[in-house]
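**Student:** My questions concern the predicted model and sequence given below.
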Number of protein chains: 2
Amino acid sequence: MQIKVMTNILDSNDQVAAAVHERLSAAGIFVINLLGSPGCGKTSLLENTIAGLKNEISMAVIEGDLFTAKDAERIEQYGVPVVQINTGGGCHLDANMVNNVLDSLDLRALDLIVIENVGNLVCPAEFNIGEDVKVTVLSITEGEDKPLKYPLIFKQASVVILNKVDLLPYTSFDMQAAITDITSINPDALLVQASCRSGVGLPAWYDWLKEQIRIKQARSM
Amino acid sequence: MQIKVMTNILDSNDQVAAAVHERLSAAGIFVINLLGSPGCGKTSLLENTIAGLKNEISMAVIEGDLFTAKDAERIEQYGVPVVQINTGGGCHLDANMVNNVLDSLDLRALDLIVIENVGNLVCPAEFNIGEDVKVTVLSITEGEDKPLKYPLIFKQASVVILNKVDLLPYTSFDMQAAITDITSINPDALLVQASCRSGVGLPAWYDWLKEQIRIKQARSM
């Protein structure tokens, strides 16, 4: 009985997600569902990406949080459109929440929308929200054992960003083990070792992102 | 309709949690529900606590994880009884899961059971599992903004451990802001600044723990 209810919720969510995806694809917008633990560096990645690519890409951000608008306030300072979704304690975004805020963005002007999900390695992976791809951020301070412990969110990611590599000298993080485990779960993911603090590694992420936007726009013409 | 289902689940969970709590209290066992993000240091805190107190306290550990037994394997090396619960992808432990494993522990021999919940700052805070207290670990690498972003799990904690202070020199973590925010949410929580890597700060945690066990045992006599 409980499983049946859950199946219905996921079916209904998938229908709305498909509609969101169709609408944004028609506008030629590439959409990322940005995932990761609390404090892994999702917002910092966004800040860097906006600063690094704002002259080349027209982007907007949808911020998902339980209660506050702290992340949206950080993003706003970078001068891109940002919309806050508060889940009111809910542990993930769903497609309806995203659908409900789309009208507040000028879709004709955008190349890219990044939707920063609630900080959580479990639940957000289970709900499509209309994205083209999922990108998962893992801070190296979380430990190399996390991919096997939370496999779904790594299995679904097109890109895994191993963030905070500037802290590698001060931790016992085993990068080779992390790479081996992520690759065993998801051989197709692009792995990027980066530090949003120092900027190291981010150009590979920017290059991937620009290429995806180019492909998306070519398809929508 | 959806809310009604959820209310029933929580009611039912609370009944089982009360039964678990009653059984463990009758045995004079102090029970901790250990919470925090993936990689905040919950298992490291347990390793330190076992090593530091094994001559004074008889303890057991219940490990909650989605799939693996990685944490239970770490704890087992320290020579204390450990039971693994795998949620099969579920984002939190519930009272039934805990109830189902109690018979595999020799309750007559124990002073303390620590239940390490799934790494997640959201969902585990919503489910009582029979504990006396919740303890929340926040790694300073997660950033000082997390208490206001995930308030419930800090509001419910009797102790908040600010872990990985050895990394403070290499981050921009604002300890005073974190303390101010946690205190505004939960003025009664004991705050412990610690490093499970260096051991600094942990004696305050050990002292609190021993005092709670003493109180619990005095009450159960």
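**Tutor:** Thanks, I have the structure now.

**Student:** tell me which element the residue most central in space within chain A is part of?
**Tutor:** Note on chain A: the residue nearest the mean C-alpha position is A:L34, at 0.9 Å, using C-alpha atoms, centre = their mean. Take DSSP states H and E as the rule and A:L34 turns out to sit in strand A:30-36.

**Student:** who does that strand touch, helix- and strand-wise?
**Tutor:** Other elements packing on strand A:30-36 under the criterion 3 or more C-beta pairs under 8 Å, 6 or more residues apart in numbering or on different chains; DSSP states H and E are helix A:42-53, strand A:112-116, strand A:133-139, helix A:202-220. To be clear about C-beta, it is placed using only N, CA and C from the backbone, and glycine gets the same treatment.

**Student:** Would you mind identifying the next helix or strand past the first one?
**Tutor:** What it means is helix A:42-53. Following helix A:42-53 in sequence order, the next helix or strand is strand A:59-65 (DSSP H and E).

**Student:** Could you list the low-confidence segments of chain A?
**Tutor:** Applying pLDDT under 70 to chain A picks out residues A:1-7, A:9.

**Student:** What residues does it have near chain B?
**Tutor:** Proximity of chain A to chain B, by C-beta under 8 Å from any C-beta of the partner chain, involves residues A:2, A:5, A:9, A:37-40, A:65-68, A:70, A:89-91, A:118-123, A:139, A:141-143, A:145-146, A:148-152, A:164, A:166-167, A:170-171.

**Student:** Need the buried ones from these selected in PyMOL.
**Tutor:** To isolate in PyMOL the members of the residues of chain A next to chain B that are buried, counting by 16 or more other C-beta atoms under 10 Å in any protein chain shown, one can use:
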select buried, chain A and resi 37+38+39+40+65+66+68+70+90+91+118+119+120+121+122+123+139+141+142+143+145+146+148+149+150+151+152+164+166+167+170+171
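
**Student:** can you tell me how far A:D181 sits from chain B?
**Tutor:** 11 Å (C-beta to the nearest C-beta, to the nearest Å).

**Student:** Sorry, wrong one. I was asking about A:L46.
**Tutor:** Plainly put, A:L46 is 14 Å away from chain B if you go by C-beta to the nearest C-beta.

**Student:** show me what contacts that residue?
**Tutor:** Neighbouring residues of A:L46 by C-beta atoms under 8 Å, 6 or more residues apart in numbering or on different chains: A:L34, A:V61, A:I75, A:V114, A:E116.

**Student:** 7 Å instead, please
**Tutor:** A:V61, A:I75, A:V114, A:E116 (C-beta atoms under 7 Å, 6 or more residues apart in numbering or on different chains).

**Student:** cool, A:A60 as well?
**Tutor:** A:V80, A:P81, A:V82, A:L105, A:L110, A:I113.

**Student:** what does A:A26 give?
**Tutor:** Per C-beta under 7 Å, 6+ apart, neighbours of A:A26: A:S220.

**Student:** quick check: longest helix of chain A.
**Tutor:** Criterion DSSP state H: the longest helix present in chain A is helix A:2-26.
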